[in-house]
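# no sequence on this one, just coordinates:
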């Protein structure tokens, strides 16, 4: 299988060469053109030179007014995932069957990528233009790729085809090449996050980092389609044929867990950042009314398949994040190339404010960028921290049913106060 990588890259380059979207010319650029290209590239990358603090937009539709609200809260960048825009509101809000089960935003159909959907791109472009008009910067991500439809749009089953067939690596790379060729000069876009929460592990027998060994697992999948490093190399190669300046952000494996940094390989590209998500211990942060609220923070939580009791406090959270810091040190990756891209907890969990405060403090100590999840999400209120620690009012749900933004009232919200202080740079 060791020749598979070279074959994929060669195939990809042939596909790029035959595409209707022409790659950049190979001859040397004139000196002045090259200077201008370097200037543009450095401006995009320079955004990340100092620590940045942002949030996630994962709403049911484009909501340009949220960019205004985010700016008012000192939010410096938005991580935007537009995939839900392809679905009807009845499916997203009223538990009705999906009227368009085979429709995936931008890519058309995750079964086979045949070109960007023009109607979808026009909607995305309008949203990015709105962000630019409001002075907001955007990291664009996707929840689905060819051969990897988002679990929530796949009958809550993982779509593992991309981890079993190299042809989906190639399709994903061509999709991102096509998208980058259109967005490379957009002033609002300061990053391509090529796939949200990849999980080749779940397709190949690994699912519990508390009890299983990463090194043993990775040695069994290296140089196969389940090798996340190969997917990233293929996609980055494709993007760079049309866009040399926009930073590319890659997630660690197993849904972007910090522990999966152990097998992540640095990419030979100075414009790449590396990201993880932090919702651990998941047994604590994912609590809800249906599950019940058994745990609080700080406190003891039963984790992993073995239900091992483990105490969680700030020291334990920092220990959990240590694989990221150790990996960065070993590979000489500076702090401003690491992103805590998502983190959060159900706002009704007891001690949620302290949990968020401790994580922000740790991220700040390391000097990592961070983006909390989420800001005014309209499909779920569990992490809408402005609402405080009480269920939403009837006015909230009434507005949601009408497809409107709920009214924002000042409420007692310790967790939102923690985020505000973090965004303002206050202790």
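It's in. In this text the structure is predicted, and so the values were computed from the model without any measurement. Numbers count the residues shown, from 1 in each chain.

# can you pull out the strands in the stretch 301-427 of the chain?
Secondary structure of the stretch 301-427 of the chain by DSSP state E, counting those that start in this stretch: the strands cover 308-312, 338-343, 369-372.

# Kindly present these as JSON lines, with separate columns for mean pLDDT, distance to residue 55 and mean neighbour count.
Where you see a C-beta, it was placed from the backbone N, CA and C, and this is true even at glycine. Formatted as JSON lines, the strands of the stretch 301-427 of the chain follow (pLDDT from 0 to 100; distance: least, Cβ to Cβ, whole Å; neighbours: other Cβ atoms under 10 Å):
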{"stretch": "strand 308-312", "mean pLDDT": "97", "distance to residue 55": "24", "mean neighbour count": "14"}
{"stretch": "strand 338-343", "mean pLDDT": "98", "distance to residue 55": "9", "mean neighbour count": "26"}
{"stretch": "strand 369-372", "mean pLDDT": "98", "distance to residue 55": "5", "mean neighbour count": "25"}
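
# Tell me which of those lies nearest to residue 202.
strand 338-343 (18.1 Å; Cβ to Cβ).

# For the closest one, give me every contacting residue.
56, 79, 193, 249, 251, 256, 273-279, 324, 328, 356, 359, 363, 366, 368-373 (Cβ atoms under 8 Å, 6 or more residues apart in numbering).

# Sort out for me which of those residues are in helices.
256, 324, 328, 356, 359, 363, 366 (DSSP state H).

# Now list the buried members of those residues.
When the ones in helices among the contacts of strand 338-343 are checked for burial by 16 or more other Cβ atoms under 10 Å, the buried set is 256, 324, 328, 356, 359, 363, 366.

# Pick out the most distant pair among those.
Farthest pair in these, by Cβ to Cβ: 328 and 356, 22.8 Å.

# center of the protein - which residue?
Closest residue to the average C-alpha location of the chain: residue 196 at 4.2 Å, with Cα atoms, centre = their mean.

# Now do the helices in the stretch 301-427 of the chain.
Secondary structure of the stretch 301-427 of the chain (DSSP state H, counting those that start in this stretch): helices at 314-330, 352-366, 394-401, 414-424.

# Check which helices and strands the third one sits against.
Using 3 or more Cβ pairs under 8 Å, 6 or more residues apart in numbering; DSSP states H and E as the contact criterion, helix 394-401 has no neighbours among helices and strands.

# The longest one too?
Using 3+ Cβ pairs under 8 Å, 6+ apart, the elements in contact with helix 314-330 are strand 272-278, helix 352-366.

# what angle separates that helix from strand 338-343?
140 degrees (axes from the mean of the first three to the mean of the last three Cα atoms, to 10 degrees).

# And the contacts of helix 314-330?
252, 258-259, 261-262, 264, 274, 276, 278, 280, 298, 310, 333-335, 337-338, 355, 358-359, 361-362, 366, 368.

# Let's see that with 7 Å instead.
Applying Cβ atoms under 7 Å, 6 or more residues apart in numbering, the external contacts of helix 314-330 come out as 258-259, 261-262, 264, 276, 280, 338, 358-359, 362, 366.

# residues touching residue 123, list them.
62, 85.

# Mind telling me what element it is part of?
Per DSSP states H and E, residue 123 falls inside helix 118-133.

# per-residue pLDDT, residue 110?
Listed pLDDT for residue 110 reads 98.

# Could I get the contacting residues of it?
Applying Cβ under 7 Å, 6+ apart, the residues near residue 110 are 104, 144, 146-149, 159.

# Most neighbours among those residues, which one?
Counting neighbours by other Cβ atoms under 10 Å, residue 148 leads the contacts of residue 110 with 29 neighbours.

# Leaving out sequence neighbours, find the closest residue to residue 345.
Distance criterion Cβ to Cβ, 6 or more residues apart in numbering; nearest residue to residue 345, sequence neighbours excluded, is residue 285 at 3.8 Å.

# Wait, that neighbour touches residue 346, no?
Yes - using Cβ atoms under 7 Å, residue 285 makes contact with residue 346 at a distance of 6.3 Å.

# which stretches of the protein have low pLDDT?
1-41, 427 (pLDDT under 70).

# Kindly recompute the last result at 90.
When residues are selected by pLDDT under 90, those of the chain lie in 1-43, 89-90, 93-95, 390-411, 425-427.

# thinking again about what came up before, and which of the contacts of helix 314-330 is nearest residue 43?
residue 338 (20.9 Å).

# quick one: contacts for the residue nearest to the closest one when sequence neighbours are not counted?
Of all residues not flanking residue 338 in the chain, residue 368 sits nearest, at 4.5 Å (Cβ to Cβ, 6+ apart). Neighbouring residues of residue 368 by Cβ under 7 Å, 6+ apart: 335, 338-340.

# could those go into CSV alongside distance to residue 94?
Below are the contacts of residue 368 laid out as CSV (distance: Cβ to Cβ, whole Å):
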residue, distance to residue 94
335, 44
338, 40
339, 35
340, 34
